[in-house]
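> For reference, the sequence and a predicted model appear below.
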2 protein chains.
Amino acid sequence: MEALKSIALLDSGVGGLTVVKEIFKQLPDERIVYFGDTARMPYGPRPQEEVQKFSMQIIDFLQTQYVKMVIVACNSASAAGLPYYQGNVKYPVIGVIEPGVRAALSYTSTKKIGVIGTAGTINSRAYEECIRGLDPAVEIVSLACPLFVLIVENNLIGAKETKKVAEEYLRPLKEAGIDVLILGCTHYPLMAEVIQEVMGPEVRLISSAEETAREAQEILNEKNLLNPSGNNSCHHRFFVSASPENFVEIGEKLINMKVKAYQVILPAI
Amino acid sequence: MEALKSIALLDSGVGGLTVVKEIFKQLPDERIVYFGDTARMPYGPRPQEEVQKFSMQIIDFLQTQYVKMVIVACNSASAAGLPYYQGNVKYPVIGVIEPGVRAALSYTSTKKIGVIGTAGTINSRAYEECIRGLDPAVEIVSLACPLFVLIVENNLIGAKETKKVAEEYLRPLKEAGIDVLILGCTHYPLMAEVIQEVMGPEVRLISSAEETAREAQEILNEKNLLNPSGNNSCHHRFFVSASPENFVEIGEKLINMKVKAYQVILPAI
């Protein structure tokens, strides 16, 4: 019966839906419950301790939702305290940083990897530490692109100024000669087209979503927690802390299904 | 695995917790999920169609919460459309009116029964219809006591003016010579002491909570849905549409346990 429970995911907004999309693809029998902290996004510019508290508060809520695993589908929140969440939750808790790093290492031949993320993620040096831990020989060029999250959350991906912003942000990475670029924020895969256009076809973009879904599958399989059947009378559930209409508008396009989002007010911390 | 799901309850505020308390007593292995519509209470003075829509909206939310049964733990909401909810939900849905009536009929010897409730419940004549359907010979004296819900929700049960209000409301019932008084609102059991004092010891007060919990047990048992064990890693969950602090303050005293209430914003209908 544990296996029939849902996979919980959290993010500051719609970004984590890129991971949801991969879960639907790789694990179609699983049910998910998602929380987007749209009232307090973006997480990127906030102090790590604050992001850690926000995330733990959301995980506490998600633990009321019949779950068997928590995916911190937000790089800023993963960087801010994955071991802390893992120590406070009895289910498996996974983040999005290590899966993305493993994929990047498997693809690079020049051993020059680029990482883009929010200011919080980049300043935490979480990607550097993770990459160095796995391969100390890799050269890393990392860069904060704080506007990207706001562009995605405000439905501005196709806007003219977005291309300009991307060119401006990514110029140093282009010049550095990387062959792999980690999209170190779950919002960025939504802008992959623009980023790819700016970086050129020779740079491979890595979204951690695919690898994270694969890691979730491995852990659930190992613990005998894979849902034997999707037909368990439970539906996917979406919660946000503000602006459900906006979340639904972006979310439905992204995961290509009807979304109903309930707004939950989280008390101030 | 259906049996491990929760029993859902809804009310306009804290009143339905009197039913929760009885469920904890009679069905200690069950898990509950509760919704108090504190943003839109009181339901009593609202038109029936509105109360029906509010209730269905909440039942829709509760259906996302892994439930196996819905208890409309609010007389106004039960009176406003129990058959409607039953027609729109695939789980058993029970109300609080018929259980209270059955208990009242079993206790009366004078065949004179009093009913107090909100204006909505009394005007709906739901109690009259239910009583007449089971025993046409019974004389019924019914009376709306709209202030009682507000007294309970505002934590004023012990206040001096409460006794005065109760005396004023209940005088016609005292004079009618009833021997049983149905507390036709799930908030009223919280005021049972004052009401009993005013009515005198010869009048038996009927709270539908006890009977409703018994009916829930019968239905779950019949459908093989009784939870075989409380130890299923799921907790009781409480949701409100406004003022979680106030709900927690009253609720913790009432059900004598730690309560954490999440605020869910329901969109305007």
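Yep, it's here. Numbering: from 1, shown residues only, chains lettered A, B, ... in the order given.
> For A:Tyr169, list the residues it contacts.
A:Ile116, A:Leu143, A:Cys145, A:Leu147, A:Phe148 (C-beta atoms under 8 Å, 6 or more residues apart in numbering or on different chains). Backbone N, C-alpha and C define where each C-beta goes, glycine included.
> now, the most widely separated pair of those residues?
A:Leu143 and A:Leu147 (12.2 Å; C-beta to C-beta).
> Buried residues in stretch A:235-249, which are they?
A:His236, A:Arg237, A:Phe238, A:Phe239, A:Val240, A:Ser241, A:Ala242, A:Ser243, A:Pro244, A:Asn246, A:Phe247, A:Val248 (16 or more other C-beta atoms under 10 Å in any protein chain shown).
> how about the residues you listed, which pair is most distant?
Maximum distance among the buried residues of stretch A:235-249 (C-beta to C-beta): 20.1 Å, for A:His236 and A:Ala242.
> Around the nearest residue to A:Thr108 once chain neighbours are set aside, how many other residues sit close by?
Once flanking residues are discounted, A:Thr108 sits nearest to A:Val180: 4.5 Å by C-beta to C-beta, 6 or more residues apart in numbering or on different chains. Per other C-beta atoms under 10 Å in any protein chain shown, the neighbour tally for A:Val180 reads 22.
> Check the average confidence over the longest helix along chain A, would you?
In chain A, taking DSSP state H as the definition, the longest helix is helix A:160-176. Mean pLDDT, helix A:160-176: 93.
> Relative to the whole chain's centre, how far out is it?
22 Å (C-alpha atoms, centre = their mean, to the nearest Å).
> Flag every buried residue along that helix.
For helix A:160-176, by 16+ other C-beta under 10 Å, it's A:Thr162, A:Val165, A:Ala166, A:Tyr169, A:Leu170, A:Leu173.
> Please identify which of these is nearest to chain B.
Taking C-beta to the nearest C-beta as the measure, chain B lies nearest A:Thr162 of the buried residues of helix A:160-176, at 30.7 Å.
> any idea how far A:Asn221 is from A:Ala3?
Distance of A:Ala3 to A:Asn221, given as C-beta to C-beta, to the nearest Å: 11 Å.
> the more surrounded of these two?
A:Ala3 (17 against 11).
> For the more buried one, list the residues it contacts.
Counting by C-beta under 8 Å, 6+ apart, A:Ala3 has contacts A:Lys68, A:Asn224, A:Leu225, A:Leu226, A:Asn227, A:Pro228.
> quick one: the third one and A:Leu4 touch, right?
Same thing as A:Leu225. No - counting by C-beta atoms under 8 Å, A:Leu225 sits too far from A:Leu4 to count as a contact (9.5 Å).
> Those two: who's more crowded?
Between A:Leu225 and A:Leu4, counted using other C-beta under 10 Å, the more crowded position is A:Leu4 (23 against 19).
> Wait, that one touches A:Asn227, no?
Yes - the criterion here is C-beta under 8 Å, and A:Leu4 meets it with A:Asn227 at 6.1 Å.
> Find the closest residue to chain B in the stretch 101-250 of chain A.
Among residues of the stretch 101-250 of chain A, the one nearest chain B by C-beta to the nearest C-beta turns out to be A:Arg237. It sits 4.9 Å away.
> That residue and A:Gln48: what is the separation?
Remark: distance between A:Arg237 and A:Gln48 (C-beta to C-beta) = 28 Å.
> What are the structural domain limits within chain A?
A:2-95+A:210-263, A:97-208 (automatic domain parsing).
> quick one, which of these is packed in tightest?
Among the domains of chain A, domain A:2-95+A:210-263 has the highest mean neighbour count (mean count of other C-beta atoms under 10 Å in any protein chain shown), at a mean of 21.
> mean confidence for it?
Rounded mean pLDDT across domain A:2-95+A:210-263 is 94.
> Span of that domain from start to end?
End-to-end distance for domain A:2-95+A:210-263: 27 Å, by C-alpha to C-alpha, to the nearest Å.
> can you give me how far it is from the chain middle?
With C-alpha atoms, centre = their mean, you get 9 Å for domain A:2-95+A:210-263.
> wait, what's in contact with A:Lys174?
A:Val198, A:Met199, A:Gly200.
> What about those, which are in helices?
Those of the contacts of A:Lys174 lying in helices (DSSP H): A:Val198, A:Met199.
> and chain A, which of its residues are near chain B?
Chain A has residues A:1-2, A:4, A:61, A:63-66, A:90, A:232-235, A:237, A:244, A:262-265, A:267 near chain B, with proximity defined as C-beta under 8 Å from any C-beta of the partner chain.
> What about the residues you listed, which are in helices?
Those of these lying in helices (DSSP H): A:Phe61, A:Pro244.
> Grab the nearest non-local neighbour of A:Pro115.
Just so we're on the same page, residue A:115 is Val rather than Pro. Closest to A:Val115 by C-beta to C-beta, 6+ apart is A:Ser142, at 4.1 Å.
> host element of the one you found?
A:Ser142 belongs to strand A:139-144 when assigned by DSSP states H and E.
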